[in-house]
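J.: pasting the sequence and the predicted model now:
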Protein chains: 10
Amino acid sequence: MPSEPSKQLETFPNPNPERDFLIRMKMPEFTCLCPKTGQPDFATLHLDYIADQTCVELKSLKLYLWSFRDEGAFHEAVTNRILGDLAAATAPRFMRLTAEFYVRGGIYTSIVAEHRADGWQPAPAVDLPPASFQQ
Amino acid sequence: MPSEPSKQLETFPNPNPERDFLIRMKMPEFTCLCPKTGQPDFATLHLDYIADQTCVELKSLKLYLWSFRDEGAFHEAVTNRILGDLAAATAPRFMRLTAEFYVRGGIYTSIVAEHRADGWQPAPAVDLPPASFQQ
Amino acid sequence: MPSEPSKQLETFPNPNPERDFLIRMKMPEFTCLCPKTGQPDFATLHLDYIADQTCVELKSLKLYLWSFRDEGAFHEAVTNRILGDLAAATAPRFMRLTAEFYVRGGIYTSIVAEHRADGWQPAPAVDLPPASFQQ
Amino acid sequence: MPSEPSKQLETFPNPNPERDFLIRMKMPEFTCLCPKTGQPDFATLHLDYIADQTCVELKSLKLYLWSFRDEGAFHEAVTNRILGDLAAATAPRFMRLTAEFYVRGGIYTSIVAEHRADGWQPAPAVDLPPASFQQ
Amino acid sequence: MPSEPSKQLETFPNPNPERDFLIRMKMPEFTCLCPKTGQPDFATLHLDYIADQTCVELKSLKLYLWSFRDEGAFHEAVTNRILGDLAAATAPRFMRLTAEFYVRGGIYTSIVAEHRADGWQPAPAVDLPPASFQQ
Amino acid sequence: MPSEPSKQLETFPNPNPERDFLIRMKMPEFTCLCPKTGQPDFATLHLDYIADQTCVELKSLKLYLWSFRDEGAFHEAVTNRILGDLAAATAPRFMRLTAEFYVRGGIYTSIVAEHRADGWQPAPAVDLPPASFQQ
Amino acid sequence: MPSEPSKQLETFPNPNPERDFLIRMKMPEFTCLCPKTGQPDFATLHLDYIADQTCVELKSLKLYLWSFRDEGAFHEAVTNRILGDLAAATAPRFMRLTAEFYVRGGIYTSIVAEHRADGWQPAPAVDLPPASFQQ
Amino acid sequence: MPSEPSKQLETFPNPNPERDFLIRMKMPEFTCLCPKTGQPDFATLHLDYIADQTCVELKSLKLYLWSFRDEGAFHEAVTNRILGDLAAATAPRFMRLTAEFYVRGGIYTSIVAEHRADGWQPAPAVDLPPASFQQ
Amino acid sequence: MPSEPSKQLETFPNPNPERDFLIRMKMPEFTCLCPKTGQPDFATLHLDYIADQTCVELKSLKLYLWSFRDEGAFHEAVTNRILGDLAAATAPRFMRLTAEFYVRGGIYTSIVAEHRADGWQPAPAVDLPPASFQQ
Amino acid sequence: MPSEPSKQLETFPNPNPERDFLIRMKMPEFTCLCPKTGQPDFATLHLDYIADQTCVELKSLKLYLWSFRDEGAFHEAVTNRILGDLAAATAPRFMRLTAEFYVRGGIYTSIVAEHRADGWQPAPAVDLPPASFQQ
């Protein structure tokens, strides 16, 4: 796998497909260009997904994010596109992508998009009280 | 589009109307006048919405907020009015506006108002535990 | 309306009764007396309510809180009384009052009481993920 | 009521039994002994309850907590015991006790136990968005 | 019980099996090796479980975590394995393990996995508002 | 010593007058009246002092603060007065009083006043880097 | 004193001129216009001063800040001007003004300016360690 | 060394006496009794010291703190006593003890005491700006 | 001034050169390339300076930062270079640049560099206690 | 340079030796063994240094830290040793190492050690007020 920007996402087999478990990633190093002005945009991405048969490989994910560095991209469209690409590559049971863009015009924007596999149902929620620990 | 305060909200087509996704905006630069005393009021606005066919354009939103700078406005009424204007302009599936006003008389006030399109239903909730990351 | 402590709560017409919207107030300047010892007690009050036809007027609310300054009041009873007075004055669809009292005897106490109008039902919840914004 | 450690919990009549309201207490001054080593253990306790006909009296609660100072107590057992004692003394509609123990062996432990009166049902939840206030 | 790394988890009888109560542990001292590069990996583990007949013994849990110090382990697999070992040892009603791994390649990863006993149902949720205390 | 508001401050002998050591007190329960409007004012007081021969007694300090409850007092004047009273009662080597008043007119005000005994010199400073501890 | 925007700052006599004491004010409600674009700018101002013979009156300070609402003002110039006006009105021994402007062009700007009376010297510093208090 | 409370502090040789280096300890598990009422008091202790020829041994320090569990102790006196005992046992170049006591009577108290060896001088300070790290 | 990346820094005359005042800028949108691997690096820059005759113009500063987007740059060298460029363009009395780079190899790096004009001396420090405000 | 644990620290030439600038590193992935019990210890290291002619190379620093993974090391000794190794490898003008160890026996320990080159003097401090930025 070369270390160059690439839209090609690699995957590996889910080691525990018999169980719905959650994979979370925070990716603070995303930048693209504003399609109107050509100036740089920045965002922190948050990915939450429940894999089915495959998981996304970490290094290819990094190169994939890098591939947007010189591309123009609107906030709403690029968030949905990345979610689409990740869902197409891994066919997850559930996936949520949150993109927190840096402030523009005094306004802070975040986009949250979800994908759900047909027929997949989350387990009934077990509501745990928020955790706190005494020092 | 001139750079002057204006009640005219511009929109652009939702790039992914086939999916319910969330757009969030924090707008800390809102000021209007108190209708009783004529003195300035300040607030931070939070907008959360699920677009249907159109999204609100960022620059026109900024000019729209600016248009309240010299108008008298009660807390409860102006929050509902802004929600109403935004909902009328974009016809969203769901929209929530939160206005956090600065303290007056030792009392801090926030207003939260929602609009829902007729017949729209949210997807069944997937309850993710709160995210935390080491270091 | 004189600027003296008063149990008389003023109201004004709800500008948007056609919609369930939430009004929140944080009131950190509450003090009364301990009925046992006569010594001062302090609390921060939080009010959350969905108005029906009337909203509580801010200045009269401030004078109402002031009116407890020289009265003895147990934590549980005074929280329920204030909720009762506010609900009687405004006849809200929903109202919640939280009173966070200052520590006594090494123990921190908060009281949370709710009022619901007969037959009122909250709208089905739309679970938004917690908001976060870059920078 | 003497000011000595005592397992005897005092109560007073609930001033508003017609309403389900919540009483919360944070008690950071709990210490007992490790049954294995005899060395001191420490915890912060959090009590949340909906009283029925009686509420727990604050000073007797303080003396009750003090009464564990020289007793050996395992984390899981002592949390359930205190919940049991408090539930027996006050016969609440709902009660939750959280004990956050100080770190032992590099591991931080909290225990959360609940009691519910037979046949008691919580009111349908009103989901308020998290409160925030400007400045 | 010797003080050496060991995959052998010890248990003790649940002192209150008649009640569903929650045991929470934060374990910030976990390290293993990356299977690809052989270099050290680090994580903080969070365990939340509702015991049935047995609870996990604290010291053996510490030695169990130590036993991964010289083993290669992928993030997704090792989280599921530890959950599996803990569930096998204690046969809990409910168990959730969260592993927050340290950043790699500019990406922060957490894994959350759950186990539920067949036929176990959580009690209907009692939604308490978030606790806050003055001062 | 009766439990009533009193301007009479009690003292006790400094147990270690041979050493300059610092006593700090945070007092969040201060309230007085605005001399212009008669309405309540609130503040949190912070006292830092190096005692000489006497220390201020805690209960009398509490009753002293209570004695301002029904008195009119300007921010700047009352802070200096309390500092003066405490310095007169205890004749300290060094004393600093900080009063953080609650917001008025959208402006937050704090007052910081110091007293130093004639001829007293602080020890040359030992600059320790700020403390932090790993969990 | 009328309740209209005014550059006229009122003062009152310093109640304790024999002592150097510090007055601090946080003023989060400042807005002016950008001289280039005419669009609104926002800032939070922090004032720290040691009064000599006069203190600035709170209400006139509020009206003074209001008077910039419709004026164009560069960040560096307006901060120095406000400091100059306040110093001219009160002739303080020491004064520091900090203006935290809202983000523009992805860059956050603060300006800090000081005035010192001729010949005034601060008292030798007493370095207190940072205060912390156990709950 | 038995695991029982003991006033006997153990030491070990400073491994690097040729250099002034700082040892910091946070000890959140301190409890003693109020000499007036016999009721429990609690504190978190912070120790900062520059060792000369000996360092204090961790386990004996823990047992030393335990030895105050059943003793009456005033805030000011016990802080100075512990500092004195630690300084006598280790003869440090510099030592600072901070005791943060839990709130009593609505007032939070901390005591900070220092010991310096005769003739010891701190190195001239190197003022580093406060550290911060991205992400 | 075109909106393209440029190493050309624009300035404007300092409006108050008679006074040493501080200008602070936080710039979270900096990215360059790693000279070894060619992969993107990210940093947040903090600039603090006391202007002499000229100040740096905001928009040109933004374009200047953009100009590093496609350049290889080591952490230590690029921080010193940017400081050098800014100092050459503005000839300030004092300038400090802090660059907080994103984590690499599990290690977080910040660089802090300063420039001082020959013969410039800071005013003697006035040590204000840290500001805090109630509520 | 092989990717194996190694005590061999690599350096590279300081790109700006004509200027005293500060390099800061936070290294949260340090683990060694307790010399008494053989059990794992963990720490976060903070390095602050002013390079003279050479800087420490990042990857070799990572491998150096790894080399302690299987070694026994007392808190005080290992902190001084690492400082000594880094100072010997880079001959810095100034170096400070802070090691925050994880809690043991309920006590949190940090060690701070410094090295200064003979004859090196820090520049006179420029005391900047703490930075804050309005959102």
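T.: Good, I have the coordinates.

J.: run through who's touching the lengthiest helix in chain A.
T.: The longest helix of chain A (DSSP state H) is helix A:75-90. Outside helix A:75-90, the residues that touch it by Cβ atoms under 8 Å, 6 or more residues apart in numbering or on different chains are A:7, A:9, A:11, A:32, A:41, A:43, A:45, A:47, A:49, A:51-52, A:54-56, A:64, A:68, A:73, A:92, A:95, A:97, A:99, A:101, A:109, A:111-115, B:14-16, B:19, B:21, B:23, B:51, B:55. Using the backbone N, CA and C atoms, a C-beta is placed for each residue, glycine as well.

J.: check which helix or strand the residue nearest in space to the middle of chain A maps to.
T.: Centroid check for chain A by Cα atoms, centre = their mean gives A:L47 as the closest residue, at 3.5 Å. Assigned by DSSP states H and E, A:L47 belongs to strand A:40-50.

J.: residues from chain A in reach of chain G?
T.: Contacts of chain A with chain G, taken as Cβ under 8 Å from any Cβ of the partner chain, map to A:Y102, A:V103, A:R104, A:G106.

J.: now the residues you listed in JSON lines, with neighbour count, secondary structure and distance to D:S60?
T.: Below are the residues of chain A next to chain G laid out as JSON lines (neighbours: other Cβ atoms under 10 Å in any protein chain shown; DSSP: H, G, I helix; E, B strand; the rest coil; distance: Cβ to Cβ, whole Å):
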{"residue": "A:Y102", "neighbour count": "19", "secondary structure": "coil", "distance to D:S60": "55"}
{"residue": "A:V103", "neighbour count": "23", "secondary structure": "coil", "distance to D:S60": "54"}
{"residue": "A:R104", "neighbour count": "19", "secondary structure": "strand", "distance to D:S60": "59"}
{"residue": "A:G106", "neighbour count": "22", "secondary structure": "coil", "distance to D:S60": "55"}
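
J.: show me which of these is closest to F:W120.
T.: Nearest to F:W120 out of the residues of chain A next to chain G is A:V103 (Cβ to Cβ; 50.4 Å).

J.: pretty sure the closest one sits against G:G106.
T.: Yes. Between A:V103 and G:G106 a contact is recorded at 7.0 Å, counting by Cβ atoms under 8 Å.

J.: tell me the pLDDT at A:I107?
T.: On pLDDT, A:I107 comes in at 96.

J.: can you tell me which residues contact the nearest residue to A:G38 once chain neighbours are set aside?
T.: Spatial nearest neighbour of A:G38, excluding adjacent residues (Cβ to Cβ, 6 or more residues apart in numbering or on different chains): A:G72 at 7.2 Å. Contact analysis of A:G72 by Cβ under 8 Å, 6+ apart lists A:C32, A:L33, A:C34, A:P35, A:G38.

J.: for chain A, which segments count as helices?
T.: Using DSSP H, helices in chain A cover A:58-66, A:75-90.

J.: reformat these as TSV; add mean pLDDT and mean neighbour count.
T.: Formatted as TSV, those follow (pLDDT from 0 to 100; neighbours: other Cβ atoms under 10 Å in any protein chain shown):
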stretch	mean pLDDT	mean neighbour count
helix A:58-66	97	19
helix A:75-90	98	20
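
J.: distance of the closest residue to A:A131 other than its chain neighbours relative to D:T31?
T.: The shortest distance from A:A131 to any non-neighbouring residue, by Cβ to Cβ, 6+ apart, is to E:R24 (5.5 Å). Applying Cβ to Cβ, to the nearest Å, the value for E:R24 to D:T31 is 20 Å.

J.: beta partners for the residue nearest to the centre of chain A?
T.: Assessed by DSSP bridges, A:L47 has beta-bridge partners A:M25, A:L97.

J.: follow-up on the earlier one: distance of the residue nearest to A:A131 relative to F:M25?
T.: Taking Cβ to Cβ, one finds E:R24 at 35 Å from F:M25.

J.: likewise A:S3?
T.: With Cβ to Cβ as the criterion, A:S3 and F:M25 are 59 Å apart.

J.: which pair of the residues of chain A next to chain G spans the longest distance?
T.: A:Y102 and A:G106 (11.9 Å).

J.: circling back to that earlier point, of the contacts of A:G72, select the buried ones using a ChimeraX command.
T.: Applying 16 or more other Cβ atoms under 10 Å in any protein chain shown to the contacts of A:G72 leaves a buried subset, and the ChimeraX line that selects it is:
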select /A:32,33
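
J.: what is the nearest of the contacts of A:G72 to D:Q121?
T.: A:C32 (51.3 Å).

J.: that closest one against A:S67, yeah?
T.: No. If you go by Cβ under 8 Å, A:C32 and A:S67 don't touch, sitting 9.6 Å apart.

J.: enumerate every residue touching A:V126.
T.: E:F94, E:R96, E:E114, E:R116, E:P122.

J.: same question but for A:L128, I mixed them up
T.: B:P129, E:L22, E:D48, E:R96.

J.: could you rerun that using 7 Å?
T.: Residues near A:L128 by Cβ atoms under 7 Å, 6 or more residues apart in numbering or on different chains: E:L22, E:D48.

J.: got it, and the one 4 residues further on?
T.: Contacts were defined as Cβ under 7 Å, 6+ apart; by that measure A:S132 touches D:E100, D:S110.

J.: and A:T54, by the same measure?
T.: A:T54 sits next to A:T11, A:F12, A:P13, A:N14, A:T90, A:A91 when contact means Cβ under 7 Å, 6+ apart.

J.: repeat for A:P35
T.: Neighbouring residues of A:P35 by Cβ under 7 Å, 6+ apart: A:G72, A:A73, A:F74.

J.: correct me if wrong: the second one contacts A:T31.
T.: Spelled out, it's A:A73. No. Taking contacts as Cβ atoms under 7 Å, A:A73 lies outside contact range of A:T31: 10.0 Å.

J.: and the contacts of A:T54, which two are furthest apart?
T.: A:F12 and A:A91 (13.4 Å).

J.: nearest to chain I, of the contacts of A:V126?
T.: Nearest to chain I among those is E:R96, at 26.9 Å by Cβ to the nearest Cβ.

J.: distance of that closest one relative to A:T98?
T.: For E:R96 relative to A:T98 (Cβ to Cβ), the value is 22 Å.

J.: could you do A:I107 as well?
T.: With distances taken as Cβ to Cβ, A:I107 is found 17 Å from A:T98.

J.: stretch A:8-25: how far from the chain's middle?
T.: Relative to the chain's own centre, stretch A:8-25 is displaced by 13 Å; criterion: Cα atoms, centre = their mean, to the nearest Å.

J.: ok, now stretch A:65-78?
T.: Using Cα atoms, centre = their mean, the offset of stretch A:65-78 from its chain centre is 13 Å.

J.: now stretch A:82-102
T.: 4 Å.

J.: measure it end to end?
T.: 18 Å (Cα to Cα, to the nearest Å).

J.: can you count the residues close to A:L22?
T.: Counted by other Cβ atoms under 10 Å in any protein chain shown, the residues lying close to A:L22 total 22.

J.: got the contact list for the nearest residue to it once chain neighbours are set aside?
T.: Leaving aside its sequence neighbours, A:L22 sits nearest to E:V112 (Cβ to Cβ, 6+ apart; 4.1 Å). Counting by Cβ under 7 Å, 6+ apart, E:V112 touches A:F21, A:L22, B:P129, E:R96, E:T98.
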